[in-house]
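Trainee: need coordinates for the following:
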Amino acid sequence: MSRYLLISLLFVIVSCTPSISIVGFDKQAWTNDKDGCSGDRSATIDLLIKNQAELLGKDQDQIKEFLGKPDMHEIYRRSQRFYIYSIDPGSSCENYIAVKKGANLTLRFNALGKVHEVVYYK
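Mentor: A predicted model of the protein is given here:
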């Protein structure tokens, strides 16, 4: 009996985590712009950076729900992870420019799986 109560309580706690909300952010355009190919991410990155405090402390599932699957994913020492979203067209795009280093948004997760740092590389 107590096992079911504990599982139910855990489910309620996990399901009550607040979702990320940034007014004016077009989530659909961001998630559909895989590797930054269509340029929709570059149109919204300033708004996202301005409101980066909304991302800090969120877990990996919340970030995936809000920004979609990252274009690149790195695992670093001490269980740190990095989610990288291309802003400029990546190598999979037709309009990719090999000479230019593309801009990206990098989210660093700490060992607890929470966003610890948000960095925009131009």
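
Trainee: who touches stretch 28-40?
Mentor: 26, 41-44, 48, 67-68, 71, 85-95, 102-103 (C-beta atoms under 8 Å, 6 or more residues apart in numbering). Yep, even glycine has a C-beta here, placed from its N, CA and C like the rest.

Trainee: list only buried entries from those.
Mentor: 41, 44, 48, 67-68, 71, 85-90, 93, 102-103 (16 or more other C-beta atoms under 10 Å).

Trainee: and which of the residues you listed is nearest residue 118?
Mentor: When the buried ones among the contacts of stretch 28-40 are ranked by distance to residue 118 (C-beta to C-beta), residue 48 comes first, at 8.4 Å.

Trainee: pretty sure the closest one sits in a helix.
Mentor: Yes - per DSSP: H, G, I helix; E, B strand; the rest coil, residue 48 lies within a helix segment.

Trainee: tell me the contacts of it?
Mentor: Applying C-beta under 8 Å, 6+ apart, we find residue 48 in contact with 22, 25, 30, 55, 105.

Trainee: what are the buried residues along the helix or strand containing the third one?
Mentor: With elements delineated by DSSP states H and E, residue 30 resides in helix 27-32, which encompasses its position. Counting neighbours by 16+ other C-beta under 10 Å, one finds that the buried residues in helix 27-32 are 30, 31.

Trainee: what of stretch 114-122?
Mentor: Going by neighbour count (16+ other C-beta under 10 Å), the buried part of stretch 114-122 is 115, 118.

Trainee: so for it, mean pLDDT?
Mentor: Regarding stretch 114-122, the rounded mean pLDDT is 95.
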